[in-house]
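Chemist: Give the three-dimensional model of this entry:
(2 chains)
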Amino acid sequence: MERLRAEAIQGAGWGPLNLTVGAGECLCLQGPSGAGKTRLLRALADLDPHGGQVYLDDVVAARIPPPQWRREVALLPADSRWWATTVAEHFPKRARLDPASVGLPAAALHWTVERLSSGERQRLALLRLLANQPKVLLLDEPTANLDAANVARIETLIADYRRIHSAAVLWVSHDQEQIARIADRCATIENGRLTALIEVAA
Amino acid sequence: MIHLDAADLAIAAVLVVLLALLSARVQRRLGWQIAFAAVRTTVQLLLVGLVLKTLFAAAHPGWVALMASFMLLMAGYEVTARQTRALRGGWAFGIGTLSMFLSSFTVTLFALTVIIGNHPWYAPQYAIPLLGMLLGNTMSGVAIAMERLSQVAWQQRAEIEARLMLGQSAREALRDYRRDAVRAGLIPIINAMATAGVVSLPGMMTGQILAGALPVEAVKYQILIMFLISVGTGLGTLAAVAAASRRLFDTRQRLRLDRLRAP
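Modeler: Alright, predicted model coming up:
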């Protein structure tokens, strides 16, 4: 079953390209910087104007209110932003959260954002995103600049979430070893075009 | 009232020239700016003096309306010119002018008909100075607030989009920054009300006293004006910020900074 489908999606200077990600599937995206990977993810999350159509479970984006679309097709940018003082203020109210799932104590929700290390920031940013229970995860180099222990935590967390919620995952990564670990398929983007799509052997 | 002749003004002008020379030693451009602004003030005020003289003599509603429209368009132009990242495509001018029209004109009309109640209500001697004071202050509030909103949206783009990515609506994502912009627009008039009479003697009241009015009468007028100005500025600022924040997003609630002019 396909979760996310993009038909002839394109923006200024990239595309058009077609893309589908199935329920419970992890599709990795790779390609040189400036190839259009981030712009593709932003268009899929409907943050930038774009041509073409995007469907979630066969429902076209235009039929879903934008905030709901972005909760369900959730984008994790390379660099997370925090606007309030404490961690908890960034989470939806009444969300069921378990910081233990990202290897942090429950008290982490009451920490001030300022004291977070880059690894803690990224893990909490992911927890914050997953609190919305998205159906699709768009991950823009989520483990760049993290140490090996944190990379392993994030990979496990996403793999678990993907399995439990049959979520579709679109994961931008440059690390061939990581791609071999996590991906079902791997797509290459060059100059705004999809140039290769291969199955990754498990 | 003691009559001023050209020689009196010339003496004051010499002082401004001295200031310009002194400032030019700090920064050449600043000296010229002072000189240019002083010339502008002289020419504009002399012209408006002549216009008011004819206007008072004619007292025709059509001429009053024409003068009011001219003042409004100039205020709209000033609001746009003062912004570093104004909304493109005439939106900054349109939003600024419309919100000033809605607030200043309504409040002036209300004051003329309900509070002052002279006949005819459009008598230029009351209508034009009142509108001028309201427009001038509303213009500052609207210009500051719109400038702050577009600046903040530009600088905090990543934060606003992070909120959108987590499923906040455009309204929620911009709420803190909108509040910030409204506050920035209203602070000057709040401060002016708070310090009136203690630190500063407001210009209109001072003018009336110089012209020989009883201080208590002048004070009553000043209080009225202060209230009207705060209401006009407040309504204008709220309207401008509301309209401008809508324009910062499109129908899919995407933050559209491409709608802002590059500085």
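
Chemist: Tell me how far the spatially most distant residue from the centre of chain A lies from A:Pro99.
Modeler: Most distant residue from the mean C-alpha position of chain A: A:Ala107, 25.6 Å away (C-alpha atoms, centre = their mean). The gap separating A:Ala107 from A:Pro99 is 8 Å, by C-beta to C-beta, to the nearest Å. Quick note: C-beta positions are derived from backbone N, CA and C, even for glycine.

Chemist: Next: A:Arg163.
Modeler: Taken as C-beta to C-beta, the span from A:Arg163 to A:Pro99 is 20 Å.

Chemist: Could you measure from the residue lying closest to B:Gly197 once chain neighbours are set aside over to chain A?
Modeler: Closest residue in space to B:Gly197, ignoring its immediate chain neighbours: B:Val219 at 8.0 Å, by C-beta to C-beta, 6 or more residues apart in numbering or on different chains. Using C-beta to the nearest C-beta, to the nearest Å, we find B:Val219 at a distance of 45 Å from chain A.

Chemist: Next: B:Gln208.
Modeler: Using C-beta to the nearest C-beta, B:Gln208 is found at 49 Å from chain A.

Chemist: what does B:Asp250 give?
Modeler: For B:Asp250, the distance to chain A - C-beta to the nearest C-beta - is 7 Å.

Chemist: what's the burial count for that residue?
Modeler: For B:Asp250, the neighbour count with other C-beta atoms under 10 Å in any protein chain shown is 14.

Chemist: For it, which residues are in contact?
Modeler: Going by C-beta atoms under 8 Å, 6 or more residues apart in numbering or on different chains, B:Asp250 touches A:49, B:256.

Chemist: Try it again at 7 Å.
Modeler: Residues near B:Asp250 by C-beta atoms under 7 Å, 6 or more residues apart in numbering or on different chains: B:Arg256.

Chemist: ok, now B:Leu47?
Modeler: Contacts of B:Leu47 (C-beta under 7 Å, 6+ apart): none.

Chemist: tell me the pLDDT at it?
Modeler: On the pLDDT scale, B:Leu47 is placed at 93.

Chemist: what does A:Ser118 give?
Modeler: Confidence score, pLDDT, at A:Ser118: 86.

Chemist: Can you give me the neighbour number for it?
Modeler: A count of nearby residues for A:Ser118, using other C-beta under 10 Å, gives 14.

Chemist: Check whether it really touches A:Thr143, as I assumed.
Modeler: No: using C-beta atoms under 7 Å, A:Ser118 is not in contact with A:Thr143; the gap is 11.1 Å.

Chemist: which parts of chain A sit against chain B?
Modeler: Residues of chain A lying near chain B by C-beta under 7 Å from any C-beta of the partner chain: A:45-49, A:66-67, A:70-71, A:74-75, A:81, A:83, A:128-129, A:132.

Chemist: Report the spatially closest residue to residue 35, excluding sequence-adjacent ones.
Modeler: Reading this off chain A. A:Ala35 sits nearest to A:Ile189 (C-beta to C-beta, 6+ apart), 4.6 Å away.

Chemist: let's do chain B instead
Modeler: Nearest non-adjacent residue to B:Ala35, counting by C-beta to C-beta, 6+ apart: B:Ala20, 4.7 Å away.

Chemist: just B:Gln208 next, same as before
Modeler: B:Ala218 (3.9 Å).

Chemist: Check whether that neighbour really touches B:Gly203, as I assumed.
Modeler: No: the pair B:Ala218 and B:Gly203 does not pass the contact test of C-beta under 7 Å, sitting 11.2 Å apart.

Chemist: higher neighbour count, these two?
Modeler: The neighbour count for B:Ala218 versus B:Gly203, taken as other C-beta under 10 Å, is higher for B:Ala218 (21 against 11).

Chemist: who's in contact with the more buried one?
Modeler: Contact partners of B:Ala218, counting by C-beta under 7 Å, 6+ apart, are B:205, B:208-209.

Chemist: State the three-state secondary structure for it.
Modeler: In three-state terms, and counting by DSSP: H, G, I helix; E, B strand; the rest coil, B:Ala218 is helix.

Chemist: Distance check, it against B:Ala194.
Modeler: Separation of B:Ala218 from B:Ala194 (C-beta to C-beta): 20 Å.

Chemist: Ok, B:Met146 next?
Modeler: Distance from B:Met146 to B:Ala194, counting by C-beta to C-beta: 24 Å.

Chemist: which of those two has more neighbours?
Modeler: B:Met146 (30 against 10).

Chemist: and B:Ile38, what does it touch?
Modeler: Not Ile; residue B:38 is Ala. Residues near B:Ala38 by C-beta under 7 Å, 6+ apart: B:Val16.

Chemist: Sorry, slip of the keys, the one I care about is B:Val16.
Modeler: Counting by C-beta under 7 Å, 6+ apart, B:Val16 touches B:34, B:38.

Chemist: Quickly find the element holding it.
Modeler: In this assignment (DSSP states H and E), B:Val16 forms part of helix B:6-26.

Chemist: What are the buried residues along that helix?
Modeler: Within helix B:6-26, the residues scored as buried using 16 or more other C-beta atoms under 10 Å in any protein chain shown are B:16, B:20, B:23-24.

Chemist: now swap in stretch B:60-72 and tell me
Modeler: By 16+ other C-beta under 10 Å, the buried positions in stretch B:60-72 come out as B:63-64, B:67-68, B:71-72.

Chemist: Could I have the CA atoms of that stretch written out in CSV?
Modeler: Taking Å, rounded to 0.1, in the frame of the first residue of the first chain, the C-alpha atoms of stretch B:60-72 are listed here in CSV:
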residue,chain,number,x,y,z
HIS,B,60,-16.5,74.0,1.1
PRO,B,61,-16.8,70.3,2.0
GLY,B,62,-15.3,69.2,-1.3
TRP,B,63,-12.1,71.2,-0.7
VAL,B,64,-11.9,69.8,2.8
ALA,B,65,-12.3,66.2,1.4
LEU,B,66,-9.6,66.9,-1.2
MET,B,67,-7.2,68.2,1.4
ALA,B,68,-7.9,65.2,3.6
SER,B,69,-7.3,62.7,0.8
PHE,B,70,-4.0,64.4,-0.1
MET,B,71,-2.9,64.1,3.5
LEU,B,72,-3.9,60.5,3.6
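
Chemist: ok, for A:Trp83, nearest residue in space, not its chain neighbours?
Modeler: Leaving aside its sequence neighbours, A:Trp83 sits nearest to B:Glu159 (C-beta to C-beta, 6+ apart; 4.9 Å).

Chemist: Is the one you found in a helix, a strand, or coil?
Modeler: Per three-state DSSP, B:Glu159 ends up helix.

Chemist: can you count the residues close to it?
Modeler: Neighbour count of B:Glu159, defined by other C-beta under 10 Å: 17.

Chemist: and what of A:Glu2?
Modeler: For A:Glu2, the neighbour count with other C-beta under 10 Å is 14.

Chemist: The closest residue to A:Val102 other than its chain neighbours: helix or strand, and which one exactly?
Modeler: Nearest residue to A:Val102, sequence neighbours excluded (C-beta to C-beta, 6+ apart): A:Arg123, at 3.9 Å. Element membership for A:Arg123 (DSSP H and E) is helix A:118-130.
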